[in-house]
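Colleague: Give me a model of this one.
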Amino acid sequence: MSTRAPQQSRRRRPTATGALLSRELITATALRLIGEHGPEALSVRRLGAALGCDPSALYRYFRNTDDLLLAVSDRIIGDAMAGFAPGPDWVASLREMAMRVRAGYLTHPRAAAMASYRVTRADNEFRAVETGVGLLLTAGFPPAQAVRLYLAFIDTVLGHAALDAACLALPRQQREADEQAWTQAYQAVDPEIYPALAEVRHELHAMAGSSFEHAVDLLLDALAARARAQRAQP
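Modeller: A predicted model of the protein is given here:
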């Protein structure tokens with residue numbers, strides 16, 4: 001898709017399927033196509049075919065495919081955070097926020113890798129950042145610390161969530177082979193060469209699972225400890 005400025009006037013015309021073309025419909029269709037066919041599905045040709053419209057009509061709503069990708073990324077954030085209302089416990093609220101982000105990525109695992117590292121500069125992301133930074137301000141952190149700590153929090157969440165989503169997006173045979181490696185290949189290593197692995201041999205099955213919740217809890221424990229230290233300062 002080449003770069004073009006969206007037209008100021010956007011007439012809502014029915015497509016060949018009878019649907020009214022809109023940013024919301026295009027975004028939802030792009031998200032579905034990525035889920036079905038992978039990142040390569042993000043093209044005006046495929047979108048036009050799926051929507052029953054001339055591909056050039058998409059330029060009325062998006063400048064290029066990157067503009068559309070940002071909308072897809074923001075849609076995932078919006079769906080994940082829908083209905084979320086922070087409670088009085090800032091740690092519990094941040095934890096719920098983390099779980100929601102992961103759930104959103106696992107719902108769209110093939111789009112997660114494309115979306116996790118982008119800055120959408122759109123409403124859903126604005127609201128999510130507002131919520132996260134606001135919770136850290138509520139915890140008593142000064143503005144500069146609240147911003148840096150939020151970055152550490154959200155990067156940890158996004159990175160782990162994208163990793164879990166990437167694993168889920170693997171073909172089943174590959175995913176199962178990777179999981180079985182911990183209970184098969186790793187059990188067969190020479191203990192004289194790998195003494196640490198031999199010592200934990202019967203615990204390695206845990207490596208087949210996700211470390212997401214454990215990593216988030218470790219980070220939240222550290223944030224809570226830092227907040228207590230902050231309040232204890234004279």
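Colleague: Please name the residues that touch the closest residue to residue 206 other than its chain neighbours.
Modeller: Nearest residue to residue 206, sequence neighbours excluded (CB to CB, 6 or more residues apart in numbering): residue 182, at 8.0 Å. C-beta: built from backbone N, CA, C; applies to glycine. By CB atoms under 8 Å, 6 or more residues apart in numbering, the residues touching residue 182 are 204-208.
Colleague: how does this protein divide up, domain by domain?
Modeller: 1-63, 80-232 (automatic domain parsing).
Colleague: between the ones you listed, which has the poorest average model confidence?
Modeller: In terms of average pLDDT, domain 1-63 trails the rest of these, at a mean of 81.
Colleague: Quickly find the element holding residue 105.
Modeller: Secondary structure assignment for residue 105, by DSSP states H and E: helix 90-107.
Colleague: for the closest residue to residue 138 other than its chain neighbours, what are its contacts?
Modeller: Take residue 138 and drop its neighbours on the chain: the residue closest to it by CB to CB, 6+ apart is residue 90, 5.1 Å away. Contacts for residue 90 (CB under 8 Å, 6+ apart) come out as 135-136, 138-139.
Colleague: check contacts around residue 145.
Modeller: 136, 230.
Colleague: Would you mind identifying the next helix or strand past the helix or strand encompassing it?
Modeller: Using DSSP H and E, the element containing residue 145 is helix 143-169. Later in the chain than helix 143-169, the nearest helix or strand by DSSP H and E is helix 172-181.
Colleague: Dump the C-alpha coordinates for that following helix into PDB.
Modeller: The C-alpha trace of helix 172-181 is given here as PDB (Å, rounded to 0.1, in the frame of the first residue of the first chain):
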ATOM      1  CA  ARG A 172       0.700 -27.600  16.800                       C
ATOM      2  CA  GLN A 173       3.400 -30.200  15.900                       C
ATOM      3  CA  GLN A 174       6.200 -27.700  16.500                       C
ATOM      4  CA  ARG A 175       4.700 -26.400  19.700                       C
ATOM      5  CA  GLU A 176       4.300 -29.900  21.100                       C
ATOM      6  CA  ALA A 177       7.800 -30.800  20.200                       C
ATOM      7  CA  ASP A 178       9.200 -27.800  22.000                       C
ATOM      8  CA  GLU A 179       7.100 -28.600  25.100                       C
ATOM      9  CA  GLN A 180       8.100 -32.200  25.100                       C
ATOM     10  CA  ALA A 181      11.800 -31.300  24.900                       C
END
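Colleague: Show me what it packs onto, helices and strands only.
Modeller: If contacts are counted by 3 or more CB pairs under 8 Å, 6 or more residues apart in numbering; DSSP states H and E, helix 172-181 sits against helix 143-169.
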